[in-house]
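K.L.:
My questions concern the predicted model and sequence given below.
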Amino acid sequence: MSIDYSEQINKAAVDALLITDPYNLRYYTGFRGGEAVALITNRSSKVLITDSRYTEAAEKECYQGFVVRQFDATISVFDILLEYITQDRIHTIGFENESISYALYSKFVSALCDSKKYDRELLLKPLGDILLIPRQIKSADEIELLREAEHIGDLAFEDILNILKPGITELEVAAEIEYSMKRHGAEGLSFDTIAASGVNSSMPHAIPSEKKLEMGDFLTMDFGCKYKGYCSDMTRTVCIGKAGDEQKKVYNIVLSAQLKVLDELKPGMLCKEVDAIARDYIKVQGYGQYFGHGLGHGVGLFIHESPAFNTRDISIVRPGMIETDEPGIYLPGKFGVRIEDMILITENGCESLAKSPKELIEL
């Protein structure tokens with residue numbers, strides 16, 4: 001991947017970038033192990049520091065130009081950082097304030113800023129979302145990986161339809177979906193699988209339980225996998241047996257809202273305007289108070305990336321973004337419905353990456 005590190009350094013008005021977040025490490029260095037520290041300076045120094053568990057892999061995975069250094073009992077991460085800080089006469093370092101723990105931040109302050117080993121003032125400056133913004137627009141290679149990850153979800157949904165029946169538990173449903181995704185090439189899960197049936201489906205993020213599927217239950221399945229580091233996310237709601245009139249009504253409202261977004265979304269809109277497409281429709285149908293979460297979120301190396309389709313985000317929708325379109329209606333004590341696709345923003349609209357059927361399936 002070709003990355004202009006100087007652009008991020010200049011935007012942040014710093015002399016160097018200190019990267020500790022596992023997903024930013026993957027994006028900006030190529031290293032997949034997660035447990036490392038990277039320093040990129042305005043003098044073109046690029047170093048990734050890790051331990052003996054990951055050194056060999058890091059040397060294979062890091063982008064060209066990176067030096068891989070190993071810390072151990074004789075030389076610490078901070079010693080190596082100070083070596084490059086001194087060499088390049090660094091004054092201000094940008095750090096990932098939105099993801100770093102206070103404990104780790106305090107260690108950096110103590111070992112670097114308060115160090116007597118460096119003969120000039122050293123400051124840590126919050127980066128905010130500067131490193132996250134470039135990740136919003138996916139490259140052609142990233143899009144293909146995300147497309148394949150979503151395809152694995154499609155295959156898992158097809159498999160689970162042949163297994164669902166009264167008497168199996170939500171936990172079994174989740175396990176079967178996860179097994180199927182791994183059998184089809186997933187390297188892991190992008191989040192904990194949700195399988196919520198009957199009254200449990202009224203809770204958007206219900207945890208799978210030992211509740212058994214019963215005739216007449218709606219079953220909401222929200223699942224995703226990782227493929228070569230990139231995540232997928234999809235949700236389908238099906239009925240075990242025949243759905244009642246109210247279930248059909250609510251399902252069709254959610255489906256219409258989901259499809260309405262696919263039809264009306266255009267680049268240049270604000271994220272909150274995209275959210276309003278589905279939210280306003282559901283409100284007009286009389287269920288506005290039962291759609292409590294945002295319409296969607298960005299997906300990439302991490303399952304929840306920026307920007308987000310919600311009532312507050314004023315980010316501009318741009319081609320190359322991958323977002324979710326997942327309206328829902330949740331009736332406490334009764335049932336819930338959510339339908340979700342990952343979508344690619346194109347030059348003229350959007351494309352759904354999920355191909356699984358969305359019309360109500362009664363098993």
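P.N.:
Looks like it came in fine. Note that the coordinates shown come from a computational prediction; the quantities given were computed from them, not determined experimentally.
K.L.:
drop to CA atoms for contacts and neighbour counts, all remaining ones
P.N.:
Noted.
K.L.:
tell me the pLDDT at the spatially most central residue of the chain?
P.N.:
The centroid of the chain falls nearest to Ile303 when counting by C-alpha atoms, centre = their mean (1.6 Å). We have a pLDDT of 98 for Ile303.
K.L.:
Need the phi and psi values for it.
P.N.:
The phi and psi values for Ile303, taken as degrees, to the nearest 10, are phi -70, psi -30.
K.L.:
That one against Gly229, yeah?
P.N.:
No. Assessed by C-alpha atoms under 8 Å, Ile303 is found out of contact with Gly229, at 10.6 Å.
K.L.:
Stretch 298-314: how far from the chain's middle?
P.N.:
Distance of stretch 298-314 from its chain centroid, counting by C-alpha atoms, centre = their mean, to the nearest Å, is 8 Å.
K.L.:
Sorry, slip of the keys, the one I care about is stretch 197-207.
P.N.:
Stretch 197-207 has its C-alpha centroid displaced from the chain centroid by 22 Å (C-alpha atoms, centre = their mean).
K.L.:
For that stretch, list every residue counted as buried.
P.N.:
Using 16 or more other C-alpha atoms under 10 Å as the test for burial, stretch 197-207 gives Ser197, Gly198, Val199, Asn200, Ser201, Ser202, Met203, Pro204, Ala206, Ile207.
K.L.:
What's the end-to-end length of that stretch?
P.N.:
10 Å (C-alpha to C-alpha, to the nearest Å).
K.L.:
hmm, who's touching that stretch?
P.N.:
170, 194-196, 211, 213-214, 216-220, 329-337 (C-alpha atoms under 8 Å, 6 or more residues apart in numbering).
K.L.:
Any quick ChimeraX command for the buried ones out of those?
P.N.:
To isolate the buried members of the contacts of stretch 197-207 in ChimeraX, using 16+ other C-alpha under 10 Å:
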select :170,194,195,196,211,213,214,216,217,218,219,220,329,330,331,335,336,337
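K.L.:
which stretches of the stretch 51-200 of the chain form strands?
P.N.:
Remark: strands assigned in the stretch 51-200 of the chain by DSSP state E, counting those that start in this stretch are 67-70, 92-95, 123-126, 188-189, 194-197.
K.L.:
Let me fix that, I meant to ask about the stretch 251-363 of the chain.
P.N.:
Applying DSSP E, counting those that start in this stretch to the stretch 251-363 of the chain gives strands spanning 296-298, 305-309, 322-325, 328-331, 335-338, 341-345, 350-352.
K.L.:
before we move on, the earlier item: pipe the strands of the stretch 51-200 of the chain into JSON lines and attach mean pLDDT and distance to Gly298 per row.
P.N.:
Formatted as JSON lines, the strands of the stretch 51-200 of the chain follow (pLDDT from 0 to 100; distance: least, C-alpha to C-alpha, whole Å):
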{"stretch": "strand 67-70", "mean pLDDT": "98", "distance to Gly298": "31"}
{"stretch": "strand 92-95", "mean pLDDT": "98", "distance to Gly298": "23"}
{"stretch": "strand 123-126", "mean pLDDT": "96", "distance to Gly298": "23"}
{"stretch": "strand 188-189", "mean pLDDT": "98", "distance to Gly298": "17"}
{"stretch": "strand 194-197", "mean pLDDT": "98", "distance to Gly298": "19"}
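K.L.:
now Cys225: how far from Thr74?
P.N.:
In terms of C-alpha to C-alpha, Cys225 sits 39 Å off from Thr74.
K.L.:
Comparing these two, which residue is more hemmed in?
P.N.:
Cys225 (30 against 6; other C-alpha atoms under 10 Å).
K.L.:
confidence score at that one?
P.N.:
98.
K.L.:
ok, it - contacts?
P.N.:
Going by C-alpha under 8 Å, 6+ apart, Cys225 touches 149-150, 152-153, 181, 186-191, 231-233.
K.L.:
and which of these is nearest Ala308?
P.N.:
Ala308 has its nearest neighbour among the contacts of Cys225 in Asp233, at 14.2 Å by C-alpha to C-alpha.
K.L.:
sorry, back to before: can I get the buried residues of stretch 197-207 in JSON lines including distance to Glu347?
P.N.:
Shown next, in JSON lines, are the buried residues of stretch 197-207 (distance: C-alpha to C-alpha, whole Å):
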{"residue": "Ser197", "distance to Glu347": "39"}
{"residue": "Gly198", "distance to Glu347": "40"}
{"residue": "Val199", "distance to Glu347": "41"}
{"residue": "Asn200", "distance to Glu347": "39"}
{"residue": "Ser201", "distance to Glu347": "36"}
{"residue": "Ser202", "distance to Glu347": "36"}
{"residue": "Met203", "distance to Glu347": "36"}
{"residue": "Pro204", "distance to Glu347": "32"}
{"residue": "Ala206", "distance to Glu347": "36"}
{"residue": "Ile207", "distance to Glu347": "38"}
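K.L.:
Let's see which of those end up in helices.
P.N.:
Among those, DSSP state H puts none in helices.
K.L.:
So the nearest residue to Leu360 once chain neighbours are set aside: helix, strand or coil?
P.N.:
Among residues not flanking Leu360 along the chain, Val238 sits closest, at 6.3 Å (C-alpha to C-alpha, 6 or more residues apart in numbering). At Val238, secondary structure determined by DSSP: H, G, I helix; E, B strand; the rest coil is strand.
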